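1. Got a predicted model here, sequence first, then my questions.
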Amino acid sequence: MARADEKEAADFLAVHPETVQIQAFLTDPSGVARGKVLRPEELATAYRDGRPLPCSIQSLDMLGADVLETGLVWEEGDSDRPCFPVAGTLTHAPWHDVPTAQVILASYERDGSPTPADPRHALQRTVNALEAMGLKPVVAIELEFYLVDRDAAASRRLAPPAAPNGFAPAHLQAYLMQDLEDFSPVLNDIFDGAKKMGLPARTLISEYAPGQFEIVLEHRDDAMRAADDAILYKRLVKGVADRHGLVATFMAKPYADLSGSGMHVHVSLAGEGKDNLFAGEGSNLTPHLAHAIGGLEAAMAESMAFFAPNANSYRRFRKNSYAPLAPTWAVDNRSVPLRVTAGRPETRHLEHRVCGADANPYVALAAVLAGIAEGIEKKIEPSEPVTGDGYGQREATLPLNWWKALETARNSSFLAERLGKEFTNIFLTIKEVECDRFFASVSDVDVEWYLRNA
């Protein structure tokens, strides 16, 4: 992984001398941003020598508590690792009143090798594997999110927010233009921020629930940059929402009775002198596309803990929910997890529809590309395509609860081989401990169900 040249920092500050602070952060295995705020005079040194961050940052659960079982705390003396800026990610954080920039960091060992627990390196490993096969992944990531009322969120009782014009969405109005009009001050600021940050934000839609939206990020022929885009985009949406007195959430399932939020990964492959090795039409698949589907089907159950990494993630997976229950595929069909797109033959790609919006983009994309590489390398044939309702035609064979998904992943040799043994072990250890902690807590639902009835 090429490190950024410190000239990038000098050039940025020369063009933006008003910059007061720089948020330098990495993404931990759970997808949480953790880092430091630097002053402009510190930026060049960060590029040249890295910024130290404790190795235990990569051992934390969603609440920021150490997972000692990773071996990244006391066994390492909680020592620092140098973290270097990622080339091309130094950009604005336009939702701040104080002129603020931000930059993504990647963690390295003291000998210069990639830190095994850093999820960005796990993704790089899968990209490298495809490139060694002469294949270049072309990727776009779509993320659905909810805007919720801030006071309700603060009281842990979620509710749709009132729009700036005073009207609150209250119906299942998919693709409703009025919702886009009502929330246009927020959404326009997101688009303006994306432009300032260099994010390729494109189509905007109102989803199938009050306060739920999706902004499409255009594809990149650099898979690492596509994942970086998703990380920066989530920060932008949350920051702009906060400026407007709202909360933006990428929880997989904020409301029990409304649709979940997904992260859809769009991917094709270039190589062998062709821009798109998936190009075609109808049910006739190129060998690369067929084997990619075969690999993703074969690896889907093992990968569920990476696609759905949290307890709340599994509340999405219900019949007729647009979240899958079985590893299937079809052409232009949203009732299956692997959707081959229609449209012009040269634009054909695969839409992977398993992940929740709460998944770590680096980890989820790494698992998707690993499945594709597995299928192509081993020439795994896909199942027969689904026609019509995918929910009624195949048995639900995916692990649809957290502990079962973790157990299935733990028994996988595929994940350790493709994503790296150390990373896979650390990620699963964090989530296994987190799962135990989650189910040891007593929730409001426990009290409601059992206080007087038990």
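-> Received the coordinates, thanks.

2. Excluding chain neighbours, what is closest to the residue nearest in space to the middle of the chain?
-> For the chain, the residue nearest the mean C-alpha position is residue 361 (2.5 Å; C-alpha atoms, centre = their mean). Excluding its sequence neighbours, the residue lying closest to residue 361 (C-beta to C-beta, 6 or more residues apart in numbering) is residue 230, at 3.9 Å. All C-beta atoms are positioned from the backbone trio N, CA, C, and that covers glycine.

3. Surely that neighbour and residue 141 touch.
-> Yes. If you go by C-beta atoms under 8 Å, residue 230 and residue 141 touch, sitting 4.4 Å apart.

4. Overlap of the contact sets of those two?
-> Common neighbours of residue 230 and residue 141 are listed as 217, 263, 361 (criterion: C-beta atoms under 8 Å, 6 or more residues apart in numbering).

5. okay, the residues you listed in TSV with secondary structure, pLDDT and distance to residue 430 next?
-> Output for the shared contacts of residue 230 and residue 141, formatted as TSV (DSSP: H, G, I helix; E, B strand; the rest coil; pLDDT from 0 to 100; distance: C-beta to C-beta, whole Å):
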residue	secondary structure	pLDDT	distance to residue 430
217	strand	93	27
263	strand	96	19
361	helix	98	17
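
6. Tell me the one of the residues you listed nearest residue 99?
-> Comparing the shared contacts of residue 230 and residue 141 against residue 99 with C-beta to C-beta places residue 217 closest, at 25.0 Å.

7. Go through the lowest-mean-pLDDT helix or strand in the chain and flag the buried ones.
-> Of all helical and strand segments in the chain, the minimum by mean pLDDT, DSSP states H and E falls on strand 201-206, at a mean of 85. Across strand 201-206, burial judged by 16 or more other C-beta atoms under 10 Å covers 201, 204-206.

8. Switch those residues over to TSV; also include distance to residue 105.
-> Shown next, in TSV, are these (distance: C-beta to C-beta, whole Å):
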residue	distance to residue 105
201	23
204	30
205	33
206	35
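
9. Out of these, the closest to residue 172 would be?
-> residue 206 (10.6 Å).

10. And the strands in the stretch 101-250 of the chain?
-> Using DSSP state E, counting those that start in this stretch, the strands of the stretch 101-250 of the chain run over 135-149, 201-206, 212-217, 246-249.

11. Output these in a markdown table; the columns should cover distance to residue 415.
-> Listed next are those as a markdown table, based on distance: least, C-beta to C-beta, whole Å:
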| stretch | distance to residue 415 |
| --- | --- |
| strand 135-149 | 18 |
| strand 201-206 | 32 |
| strand 212-217 | 26 |
| strand 246-249 | 28 |
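
12. Relative to residue 367, which of the ones you listed is closest?
-> Of all the strands of the stretch 101-250 of the chain, it is strand 135-149 that lies closest to residue 367, at 12.9 Å by C-beta to C-beta.

13. For the closest one, what is the distance to the chain centroid?
-> Centre-to-centre, strand 135-149 and its host chain are 7 Å apart (C-alpha atoms, centre = their mean, to the nearest Å).

14. What pairs with whichever strand or helix holds residue 84, parallel or antiparallel?
-> Assigned by DSSP states H and E, residue 84 belongs to strand 80-85. In the sheet, strand 80-85 lines up against strand 51-54 (antiparallel), strand 100-107 (antiparallel) (DSSP bridges).

15. just checking, what packs against the helix or strand following it?
-> Proceeding N to C from strand 80-85, the next assigned helix or strand is strand 91-92, under DSSP H and E. Judged by 3 or more C-beta pairs under 8 Å, 6 or more residues apart in numbering; DSSP states H and E, the packing partners of strand 91-92 are strand 100-107, helix 184-197.

16. Kindly reformat the ones you listed as CSV containing mean pLDDT.
-> Compiled in CSV, those are given as follows (pLDDT from 0 to 100):
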stretch, mean pLDDT
strand 100-107, 98
helix 184-197, 95
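
17. from these, which stretch is densest packed?
-> A comparison of those by mean neighbour count, using mean count of other C-beta atoms under 10 Å, puts strand 100-107 on top with a mean of 24.

18. tilt between that one and helix 184-197?
-> For strand 100-107 against helix 184-197, the angle by axes from the mean of the first three to the mean of the last three C-alpha atoms, to 10 degrees is 60 degrees.

19. For residue 23, see how far away residue 37 is.
-> Taking C-beta to C-beta, to the nearest Å as the measure, residue 37 falls 6 Å from residue 23.

20. beta partners of residue 140?
-> In this entry, residue 140 is beta-bridged to residue 266, by DSSP bridges.

21. sec struct for the spatially most distant residue from the centre of the chain, please.
-> Residue farthest from the centre of the chain, counting by C-alpha atoms, centre = their mean, is residue 452 at 40.7 Å. State at residue 452, reduced to three classes by DSSP: H, G, I helix; E, B strand; the rest coil: coil.

22. For it, give me phi and psi.
-> With angles defined as degrees, to the nearest 10, residue 452 sits at phi -110, psi -10.

23. neighbours around the residue nearest to residue 139 when sequence neighbours are not counted, how many?
-> Take residue 139 and drop its neighbours on the chain: the residue closest to it by C-beta to C-beta, 6+ apart is residue 226, 4.0 Å away. For residue 226, the count of nearby residues is 25 (other C-beta atoms under 10 Å).

24. Please report how far residue 226 lies from residue 307.
-> When distance is defined by C-beta to C-beta, residue 226 is 17 Å away from residue 307.

25. just residue 21 next, same as before
-> Taking C-beta to C-beta as the measure, residue 21 falls 35 Å from residue 307.

26. who has more neighbours, the two?
-> Legend: neighbour count by other C-beta under 10 Å for residue 21 and residue 307, higher for residue 307 (25 against 17).

27. which ones are touching the more buried one?
-> Counting by C-beta under 8 Å, 6+ apart, residue 307 has contacts 313, 354-356, 359, 364, 367.

28. Residue 163 now?
-> 169, 179, 182-183 are the contacts of residue 163 under C-beta under 8 Å, 6+ apart.

29. Repeat that for residue 159.
-> Residue 159 neighbours (C-beta under 8 Å, 6+ apart): 148-149, 152.

30. Quick one, which of those residues are buried?
-> 148-149.

31. okay if I get the contacts of residue 159 as JSON lines plus pLDDT and distance to residue 243?
-> Converted to JSON lines, these look like this (pLDDT from 0 to 100; distance: C-beta to C-beta, whole Å):
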{"residue": "148", "pLDDT": "95", "distance to residue 243": "15"}
{"residue": "149", "pLDDT": "95", "distance to residue 243": "15"}
{"residue": "152", "pLDDT": "93", "distance to residue 243": "18"}
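
32. Out of the contacts of residue 159, which is nearest to residue 335?
-> Distance to residue 335 across these (C-beta to C-beta) is lowest for residue 148, with 27.8 Å.

33. isn't the closest one right up against residue 161?
-> Yes. If you go by C-beta under 8 Å, residue 148 and residue 161 touch, sitting 5.9 Å apart.

34. Residue 410: which of the strands paired with strand 80-85 is closest?
-> Nearest to residue 410, of all these, is strand 100-107, at 24.2 Å by C-beta to C-beta.
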